[in-house]
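J.: Sharing a sequence plus its predicted fold:
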Amino acid sequence: MPIKRILIVDDEESIQTVVQFGIQMVVDWQVLVASSGMQGIKTACDQKPDAILLDVMMPDMDGIATFKALQSDPQTAQIPVIFLTAKAQTSERRQFNDLRVSGVITKPFNSLDLPDLITKMLDW
Amino acid sequence: MKILLVEDDDVLIAVLTKALTEKRYIVDVVKDGEMAWSYGSTFDYDLIILDIGLPKLDGISLCQRFRAEEYSVPILLLTAQNTSTTKVIGLDAGADDYLVKPFDIPELIARIRALLRRSNAISSPIIVWGDLLLNPSTCEISYNNLPLTLTNKEYELLEILLRDSQHLLSVEEILDRLWSSDEFPSEATVRSHIRGLRRKLVAAGAPSDFIATVHGRGYYLKVPDKSTDVEISKPVETAPANSPNLKLSTQDSQQEKYLEFLNQLWVTTKPKSLEQLQVLFQAIEKLESGFLTPHFQELAHQTAHKLAGTLGTLGLTSAMQLAIQLENLLKIQASDQKVQLEVLETLVVALEQAIQNTNLIQSIPTTLIADNSTFSLKQSQSVIEPKVMIVDDDVDCLRSLTELLNPWGFKVTTLADPQDFWTVLCAVMPDILVLDVNMPPINGLEICQSIRNDLNWKRLPVLFLSMMSDSNTQNLAFGVGADDYLCKPIVGIDLVNRIHNRLQRVRDYQFIGK
């Protein structure tokens, strides 16, 4: 079975490092990083990861805008996206539901849990 | 420390004033009971020394009046009458201590120190702040074991900064507390004392921002940078191959490695977080000068949000809480609700301290929500907006406490009739309970006891907030299982801090179980 590849899009380097470390400690997946919406879209197009972890609040191009751009491009529309957010209020979550992301993970999280969560959310 | 001396005997006034100023106290002298009432009700004193035999208004009546008007300042009575009745009357009138004339001056000074110790949050006689040591009994200060020679004002300034380490000290407050009521120094004087103090601290090896400034607002002491100790003590060594008893499960060792990794990451993330905090400090400055644009406020809001996410993910849960409160505070509201300056700066200062103070991450964040189940949502909501239930028969008090606590992100439920207590408790399911003591027909102590006896509720943190400041009531409260006890009148941020700390303790305990 080919190795799973996850792309994490977050402008905070610490979060990128945490995600990389946690996932790679538990499973043999490859973790790619991007620091902005634009970079995330480009990497997604070039690399075609198996899933994208997308931070919601980023400067310039936020998570929602990035998601919409990914969905409107046939090259990336099929890649499942999981939102990472510190917001847990019902109003925000309703917004996510309307967008039809595959899942929402709230910060703070323990990145060792991520492989398990991702597998469950995406039915791998 | 400012003392009001109420005494009509000139000789005694001279002797006491000299003795007190030698010990670096600031002394205001009044010679009759009515002046004493004017001064005591207008200015803030840390202690009142009250002679019983006074013209116009005697000491006992004055004492009763202070207590009736809810002044909780410590009062030490001086009496020439050595009878037990006088002492009883005096103490029952609300005095905290008494001395019979003629008395021994060193004994007076020691009793004053004891009363001041009790009324401050700091109970140990020597005050320590990083490498700084202050001994109130000898008035000695040292930094890194090097004694500091300070002028009286410099010493007093440092002392109030140390005793009030929880919040920003404004220039006005310093002027009020460091000079007696008939002196009128200027703000420039305060600044020059601060400069002098900083010079001497730096000469002894302290950082130049040991006393930090928030421009235009005031001063505070930066939390000392303890030695960066990133090593975590490993609880178990790797088991030798032939020992079947020591079994370190892969999960435990993973969590351990994860914790180690978080600590290593924190070394580089901490300075980055402090840098991000500068945006929030700039927001304070802008707000203060009246130029906080919606654009900058949104920037500050986003910065707080980012910090909340990063700090939380690295395991700094209480810092994360502060960042979340800042985030909520800075959210651009649809209504014209302005950001409150005092709340903003206190939160930002507290957040900086929380970040600076963390050199060792000890607990791993738990993933809060993985799916849409409403149960998990409620749990995280509670973390972000803790529920506080306050029971007090004084409706005004309930109102002012609610106003005090709401801006800090607490969800407050109030109850004036303690008879409905259990119904409301089960409906609200608060995270912490604040109780008054005197609420006829039931009293707060009984309620606390009944909570501790109930299997479902015995772990609920209980904080007493009462006018009764005597040690008897306090001991009774702790005896029935109170977690904390505060005396009215209360400074808003003190209550907020106590609630915060108590809730954090609860979360830490809950985590240990995992």
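T.: Thanks, I have the structure now.

J.: Where does the one residue in chain A that gets nearest to chain B sit: helix, strand or coil?
T.: Nearest residue of chain A to chain B: A:Pro108, at 3.0 Å (Cβ to the nearest Cβ). Any C-beta I mention is one placed from the backbone N, CA and C, and that applies to glycine too. At A:Pro108, secondary structure determined by DSSP: H, G, I helix; E, B strand; the rest coil is coil.

J.: Let me see the contact set for the closest residue to chain A within the stretch 151-300 of chain B.
T.: Nearest residue of the stretch 151-300 of chain B to chain A: B:Thr269, at 4.5 Å (Cβ to the nearest Cβ). For B:Thr269, the contacting residues are A:14, B:310, B:314, by Cβ atoms under 8 Å, 6 or more residues apart in numbering or on different chains.

J.: Secondary structure element holding the residue nearest the centre of chain A?
T.: By Cα atoms, centre = their mean, the mean C-alpha position of chain A lies nearest to A:Leu53, the distance being 0.9 Å. Take DSSP states H and E as the rule and A:Leu53 turns out to sit in strand A:51-55.

J.: Quick check: next helix or strand after that strand?
T.: Helices and strands here follow DSSP H and E; after strand A:51-55, the next one along the chain is helix A:63-72.

J.: how about that following helix: buried residues?
T.: A:63-64, A:66-67, A:69-71 (16 or more other Cβ atoms under 10 Å in any protein chain shown).

J.: How is the nearest residue to the residue nearest to the centre of chain A once chain neighbours are set aside assigned, secondary-structure-wise?
T.: Nearest residue to A:Leu53 in three dimensions, chain neighbours excluded: A:Ile8, at 4.6 Å (Cβ to Cβ, 6 or more residues apart in numbering or on different chains). At A:Ile8, secondary structure determined by three-state DSSP is strand.

J.: what's around A:Ile8, how many residues?
T.: 27 (other Cβ atoms under 10 Å in any protein chain shown).

J.: Any idea what it is bridged to?
T.: Bridge pairing for A:Ile8 (DSSP bridges) gives the partners A:Val33, A:Leu53.

J.: surely it meets A:Ser35?
T.: No. Using Cβ atoms under 8 Å as the test, A:Ile8 is too far from A:Ser35 to be in contact (9.8 Å).

J.: How about the contacts made by B:Arg459?
T.: Contacts of B:Arg459 by Cβ under 8 Å, 6+ apart are B:Val506.

J.: Which parts of chain A are helices?
T.: Listed in chain order, the helices of chain A (DSSP state H) span A:13-26, A:37-47, A:63-72, A:90-99, A:114-122.

J.: What's the separation between B:Ile3 and chain A?
T.: 48 Å (Cβ to the nearest Cβ, to the nearest Å).

J.: did I read that right, that residue in a strand?
T.: Yes. B:Ile3 sits within a strand when classified using three-state DSSP.

J.: Contact partners for it?
T.: B:Ile3 neighbours (Cβ under 8 Å, 6+ apart): B:20, B:25-28, B:45-49, B:112.

J.: Now intersect these with the helices, please.
T.: Members of the contacts of B:Ile3 lying in helices (criterion: DSSP H): B:20, B:112.

J.: Show me which of the contacts of B:Ile3 is closest to B:Thr79.
T.: Of all those, B:Thr79 sits closest to B:Ile49, with 11.6 Å by Cβ to Cβ.

J.: Wait, the closest one touches B:Pro74, no?
T.: No. B:Ile49 is not in contact with B:Pro74 according to Cβ under 8 Å; the separation is 9.8 Å.

J.: helix or strand for the residue of chain B found nearest chain A, which one?
T.: Chain A sits closest to B:Gly312 of chain B, with a gap of 3.0 Å, by Cβ to the nearest Cβ. Secondary structure from DSSP H and E places B:Gly312 in helix B:294-313.

J.: in that helix, what counts as buried?
T.: Going by neighbour count (16+ other Cβ under 10 Å), the buried part of helix B:294-313 is B:296-297, B:299-313.

J.: if we can go back for a sec, more crowded one of B:Ile49 and B:Pro74?
T.: Neighbour comparison, B:Ile49 and B:Pro74: the larger count goes to B:Ile49, with 26 against 21 (by other Cβ under 10 Å).

J.: which residues touch that one?
T.: Contacts of B:Ile49 by Cβ under 8 Å, 6+ apart are B:3-7, B:16, B:76, B:78, B:112.

J.: Quick one: which of the residues you listed is the most crowded by neighbours?
T.: Within the contacts of B:Ile49, most neighbours by other Cβ under 10 Å means B:Val6, with 28 neighbours.

J.: Return the residues of the stretch 201-350 of chain B in contact with chain A.
T.: Contact residues, the stretch 201-350 of chain B versus chain A (Cβ under 8 Å from any Cβ of the partner chain): B:254-255, B:257-258, B:261-262, B:265, B:268-269, B:272, B:302, B:305-306, B:308-315, B:317, B:320, B:324, B:327.

J.: Tell me which residues are up against stretch B:54-68.
T.: Stretch B:54-68 is contacted from outside by B:6-8, B:31-37, B:40, B:48, B:50-53, B:73, B:75, B:77-79, B:89-90, B:93-95, using Cβ under 8 Å, 6+ apart.
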